[in-house]
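1. Structure here, sequence nowhere to be found:
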């Protein structure tokens, strides 16, 4: 069941849950704690019980995710909701499915433009306006007929910027017309707006008062007000045009031509500037999807958590171990044996066998020989390690995307970030990061903490390359047979 309160910006979505009822109220992000507590109290007094609150921009996100008009990866990198409704103008910036920044104005809304058209009508039809106010119909005319007229005008000017000298009857309850309708005349009036007496009276009847910005008696530029609200929030939050990948326009007032113009002017001509076919209902429709979406994601998350160990065991770890094994073999075969042993240690050993000497002098010469190759070896290990990690990340990413397809998850791009990945209601991408982070630490440790490789030398002068892959590990030629060789460490200690 979906209920929309026309007297406020609150959207209510209620549905059965067990034997009772679960109720969610949407609220503007910039609403403070006092406002939210007042909303909860009003809802309780109205019979809704203990309600839950959900930020309204999340309704826009849920509504847009089903459109298929933009890449999910773009939404996860930077998604800006511009919710310009009847009473408020809200901005919310999402990253990774969560609201990172929110700002706006609780007083800038479409009802100010309703009053603008009411004043336009009153100026041209003073007798008719006095009659409306005398009969107490000003609230109806301003909040319904002027709103409908405003919506018609915004759509007309949006589709035909050259529209001029228009004339149209205000509504069914009124006999007067508004004439001289054009984009230029609208902008002239919007840039020097002051609230009418009728608008002030309506606010008083609703128990509200004019905001300070409109109480000075000085004209206010409504267009600049919107522009400043957007720009100042972006500046304060440190957001640039590069931060925002997708812009979603929601709320009935977002259909004004200047909203799209200023968004493009400030943030650039975005490829993904999206507006729902029903922007006035996008928030409520998205919030209405929230219960079913939560249930679906909870079930998907349960299945992913349940099947994750098997996937990691069979789909990720074998690939990781294969890459690490290949990397280890490359280090041992190409770097330690070919570069270090053949290039540095072997000549020292041959000289010792031919000329003799003390073990202490041999150790010192081996240390010097290895030390001369240490920076070279570290560089080789770091470069090959980086490529190994890239191979692991690419393999894990591809395998993860393929695995997630089994859960009907649409993943355009996925970062390898944590093995303990979780699927939140709004966080769809799953990653594998803790594992990769741990591997990065291991590699960084190897690369930065020195070499410390153990080297062996066979007393009988057997070339270690011939024993690199012994068929029989008990073979006396194998370096695994410690009784037939000395083991030397870089720190100079002797192991026998």
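-> Received the coordinates, thanks. Bear in mind the structure is a predicted one, so any value in this text is a computation, not a measurement.
2. For the rest of this, base every contact and every neighbour count on C-alpha atoms.
-> Will do.
3. Show me how the record splits this protein into domains.
-> 2-107+225-277, 110-210, 302-451, 454-496 (automatic domain parsing).
4. Identify each buried residue in stretch 288-303, please.
-> 288, 290, 291, 293, 297, 300, 301 (16 or more other CA atoms under 10 Å).
5. Let me see the mean pLDDT of it.
-> The average pLDDT within stretch 288-303 is 87.
6. Stretch 132-142 now?
-> Stretch 132-142 comes out at a mean pLDDT of 91.
7. Now do that stretch: everything it contacts.
-> Stretch 132-142 is contacted by residues 114, 115, 118, 171, 173, 174, 198, 202 when judged by CA atoms under 8 Å, 6 or more residues apart in numbering.
8. How about the contacts made by the first one?
-> What it means is residue 114. Counted by CA under 8 Å, 6+ apart, residue 114 has contacts 142, 143, 146, 147, 150.
9. Then the second one?
-> In this structure, residue 115 makes contact with 142, 146, 195, 196, 199, judged by CA under 8 Å, 6+ apart.
10. Quick check, the third one in contact with residue 214.
-> Right, the one you point to is residue 195. Yes. Contact criterion CA atoms under 8 Å: residue 195 and residue 214 qualify, at 7.0 Å.
11. which of those two has more neighbours?
-> Counting neighbours by other CA atoms under 10 Å for residue 195 and for residue 214 shows that residue 195 has the greater number, 19 against 15.
12. just the strands in the protein please.
-> Along the chain, counting by DSSP state E, strands occupy 2-4, 11-17, 20-27, 52-55, 79-84, 89-95, 98-105, 166-169, 177-181, 246-250, 272-275, 455-458, 485-488, 494-495.
13. Could you dump those strands into CSV and include distance to residue 375 and mean neighbour count?
-> Converted to CSV, these look like this (distance: least, CA to CA, whole Å; neighbours: other CA atoms under 10 Å):
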stretch, distance to residue 375, mean neighbour count
strand 2-4, 68, 12
strand 11-17, 65, 17
strand 20-27, 60, 17
strand 52-55, 55, 15
strand 79-84, 46, 26
strand 89-95, 41, 24
strand 98-105, 44, 18
strand 166-169, 80, 12
strand 177-181, 78, 16
strand 246-250, 47, 25
strand 272-275, 49, 18
strand 455-458, 18, 18
strand 485-488, 20, 18
strand 494-495, 24, 12
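14. CSV for those strands, including distance to residue 206?
-> Converted to CSV, these look like this (distance: least, CA to CA, whole Å):
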stretch, distance to residue 206
strand 2-4, 18
strand 11-17, 18
strand 20-27, 19
strand 52-55, 23
strand 79-84, 21
strand 89-95, 20
strand 98-105, 19
strand 166-169, 28
strand 177-181, 27
strand 246-250, 25
strand 272-275, 31
strand 455-458, 87
strand 485-488, 88
strand 494-495, 90
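15. Relative to residue 128, which of those strands is closest?
-> Checking those against residue 128 by CA to CA gives strand 177-181 as the closest, at 10.0 Å.
16. now the closest one: mean pLDDT?
-> 94.
17. Okay, now the sheet partners of it, with direction.
-> Applying DSSP bridges to the sheet, strand 177-181 is found paired with strand 166-169 (antiparallel).
18. what's the partner strand in contact with?
-> By CA under 8 Å, 6+ apart, strand 166-169 touches 175, 176, 177, 178, 179, 180, 181, 182.
19. Next up, the contacts around the second one.
-> What it means is residue 176. 121, 125, 128, 169, 170.
20. For these, which two are the farthest from each other?
-> 128 and 169 (12.2 Å).
21. Need the overlap of contacts for the two.
-> Overlap of the contact sets of residue 128 and residue 169 (by CA under 8 Å, 6+ apart) consists of 175, 176.
22. Dihedrals phi and psi, residue 86?
-> phi -80, psi -30 (degrees, to the nearest 10).
23. In the protein, where's the longest helix?
-> Ranked by number of residues, the top helix in the chain under DSSP state H is helix 359-404.
24. Could you name the helices and strands sitting against that helix?
-> helix 317-330, helix 346-355, helix 433-448 (3 or more CA pairs under 8 Å, 6 or more residues apart in numbering; DSSP states H and E).
25. mean pLDDT for the ones you listed: which is lowest?
-> Averaged per stretch, pLDDT over these is lowest on helix 433-448, reaching a mean of 36.
26. Tell me, please, where in the chain the pLDDT is lower than the cut-off.
-> 1-20, 410-496 (pLDDT under 70).
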